[in-house]
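Sequence and computational prediction follow.
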Amino acid sequence: MNRRQAIACALALAASPALAQQGRVWHIGFLVPSRRASAIAFTRYGAVIAGLRDLGYVEGKNFVVEWRYGDDAYERLPALAGELVKLNPDVIVSSGTPATRAAQRATSTIPIVMIGAGDPVGTGLVDSLARPGRNITGVSIQSADLGSKWFELARSIVPNLERVGLMLNTLNPAYASTLQSAWRAAKPTNTLVFPVEVRTVDDFERAFNQLTRAGVGALVIQNDGLFADSGRRLAELAIKAKLPTVGGRREATEAGFLISYGTNLPQSYRRAAVYLDKIFKGAKPGDLPMEQPTDFEMFVNMKTARALGITIPKEVLLRADKVIE
């Protein structure tokens with residue numbers, strides 16, 4: 001090819017956005033509040049990468065990921081978000097409300113795709129689910145009836161339940177909607193809700209001492225990454241306190257919680273790849289409606305039930321997607 005032909009080809013390429021994108025390597029910043037080991041063990045984050053592969057993307061060839069892990073210390077997230085912004089990625093994927101808030105405060109221009117956010121409208125992350133606005137969109141795990149489902153399960157497992165403990169991570173802004181949902185679900189049954197505040201793993205034992213003194217008959221746990229990542233430790237403390245636990249994450253039930261009902265997170269996170277693909281192709285994140293969960297799953301841990309001396313009703317077992325023996 002001579003010089004004139006090379007210039008002509010370059011001009012043609014510049015005039016064709018579709019052709020210009022073929023050789024591009026997309027840079028994705030991924031902000032995760034949990035520990036690296038937990039993030040790898042729980043396949044929900046890998047589901048985003050798998051979703052990109054489904055759409056024809058190849059890691060290392062046309063996209064690369066720069067990971068940042070918060071190690072369950074939410075106060076680290078703003079600095080980690082700042083590190084990612086300095087790298088100037090094409091898009092940032094943020095997991096959960098605290099990470100998304102940190103990313104949003106760090107940049108108003110880089111597109112953000114949130115995953116696993118509990119109440120994006122109530123916490124002020126987006127203007128609305130239909131039209132998020134600004135530089136953000138993604139997949140929400142919010143569902144208005146989750147709180148009532150958790151309390152329904154608690155009452156099914158513990159007959160004549162009068163007091164229910166509610167464990168909340170108040171560093172996660174979504175805790176407020178969880179608390180309100182709990183109050184709404186408990187009021188018609190005259191059940192007393194006893195909330196306990198937890199911010200780090202060091203608060204666990206103190207929280208269970210409070211729950212024991214309050215005489216609660218079951219424990220509902222906020223759908224928060226800290227609790228999911230610490231499922232085994234929480235399960236040990238709950239069994240020691242003879243408290244059946246109800247939560248929203250299946251990995252926590254696999255680790256020892258009694259029962260969970262919530263979004264299929266790997267499937268939900270896989271959908272984030274669709275948003276990434278649209279943004280890569282020129283869509284503005286604020287114009288992309290957020291998705292809400294449509295598929296839910298229930299896990300029951302029979303080993304924990306036996307350790308607690310609890311008989312799980314047949315109707316609950318029949319509804320379960322998986323019974324862990």
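That came through, no problem. Being a predicted model, the structure only gives us computed values, none of them experimental.

shaky segments in the stretch 51-200 of the chain?
Where the stretch 51-200 of the chain drops to pLDDT under 70, the residues are 143-145.

Mind giving me the packing neighbours of the helix or strand containing residue 181?
Using DSSP states H and E, residue 181 sits in helix 175-186. If you count contacts as 3 or more CB pairs under 8 Å, 6 or more residues apart in numbering; DSSP states H and E, helix 175-186 packs onto helix 146-157, strand 163-169, strand 192-198. Yep, even glycine has a C-beta here, placed from its N, CA and C like the rest.

Give me the secondary structure label for the most centrally placed residue in the chain.
In the chain, the C-alpha nearest the mean C-alpha coordinate belongs to residue 116, at 2.8 Å (CA atoms, centre = their mean). The three-state assignment at residue 116 reads strand, by DSSP: H, G, I helix; E, B strand; the rest coil.

on that earlier part again, burial-wise, tell me which of the helices and strands packed on helix 175-186 comes out on top.
Ranked by mean neighbour count under mean count of other CB atoms under 10 Å, the helices and strands packed on helix 175-186 are led by strand 163-169, which reaches a mean of 24.

how far off helix 175-186 does that one point, in degrees?
170 degrees (axes from the mean of the first three to the mean of the last three CA atoms, to 10 degrees).

Give me the sheet partners of strand 163-169 and which way each runs.
Strand 163-169 has the following strand partners under DSSP bridges: strand 192-198 (parallel), strand 218-221 (parallel).

Could the C-alpha coordinates of the helix or strand that the shortest one is followed by be exported in CSV?
Scanning forward in sequence from strand 218-221 by DSSP H and E, the next helix or strand is helix 225-229. The C-alpha coordinates for helix 225-229 follow below in CSV (Å, rounded to 0.1, in the frame of the first residue of the first chain):
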residue,chain,number,x,y,z
GLY,A,225,-22.6,-7.8,51.0
LEU,A,226,-21.0,-7.8,54.4
PHE,A,227,-23.5,-10.3,55.7
ALA,A,228,-23.3,-12.5,52.6
ASP,A,229,-19.5,-12.6,52.7
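
Run through the neighbouring helices and strands of helix 225-229.
strand 163-169, helix 250-255.

Mind exporting the C-alpha coordinates of the helix or strand following it to CSV?
Using DSSP H and E, the helix or strand that directly follows helix 225-229 along the chain is helix 231-240. Extracted in CSV, the C-alpha atoms of helix 231-240 (Å, rounded to 0.1, in the frame of the first residue of the first chain):
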residue,chain,number,x,y,z
GLY,A,231,-22.3,-16.0,56.2
ARG,A,232,-20.4,-18.8,57.9
ARG,A,233,-19.5,-16.7,60.9
LEU,A,234,-23.1,-15.3,61.3
ALA,A,235,-24.5,-18.8,60.9
GLU,A,236,-22.3,-20.1,63.7
LEU,A,237,-23.4,-17.3,66.0
ALA,A,238,-27.0,-17.8,65.1
ILE,A,239,-26.9,-21.6,65.8
LYS,A,240,-25.2,-20.9,69.1
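
hmm, back to that, between the helices and strands packed on helix 225-229, which gets nearest to residue 80?
Taking CB to CB, strand 163-169 is the member of these nearest to residue 80, at 18.0 Å.

Show residues contacting the closest one.
151, 154, 175, 178-179, 182, 186, 191-199, 207, 211, 214-222, 224, 226-227, 234, 243 (CB atoms under 8 Å, 6 or more residues apart in numbering).

how does it look with 7 Å?
151, 154, 175, 178-179, 182, 186, 191-199, 207, 211, 214-222, 224, 226-227 (CB atoms under 7 Å, 6 or more residues apart in numbering).

Can you turn the buried part of these into a ChimeraX selection?
In ChimeraX, this line selects whichever of the contacts of strand 163-169 come out buried by 16 or more other CB atoms under 10 Å:
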select :151,154,175,178,179,182,186,191,193,194,195,196,198,207,211,216,217,218,219,220,221,222,224,226,227
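
Now do the same contact list for the residue nearest to the centre of the chain.
95, 96, 141, 265.

I'd say residue 100 and residue 119 touch.
No - contact criterion CB atoms under 7 Å: residue 100 and residue 119 do not qualify, at 11.2 Å.

So for the two, which sits in the more crowded spot?
residue 100 (30 against 22; other CB atoms under 10 Å).

Checking the more buried one next. Helix, strand or coil?
Under three-state DSSP, residue 100 comes out as helix.

Mind jotting down where the strands sit in the chain?
Counting by DSSP state E, residue ranges of the strands within the chain are 26-32, 63-69, 91-95, 112-117, 136-140, 163-169, 192-198, 218-221, 245-247, 259-263, 296-301, 322-324.

how does the chain divide into domains?
As assigned by automatic domain parsing, the chain contains the domains 25-142+265-295, 146-263+297-324.

now the longest one, how far from the chain's geometric center?
Read it as domain 25-142+265-295. Computed by CA atoms, centre = their mean, to the nearest Å, the chain-centroid distance of domain 25-142+265-295 equals 10 Å.
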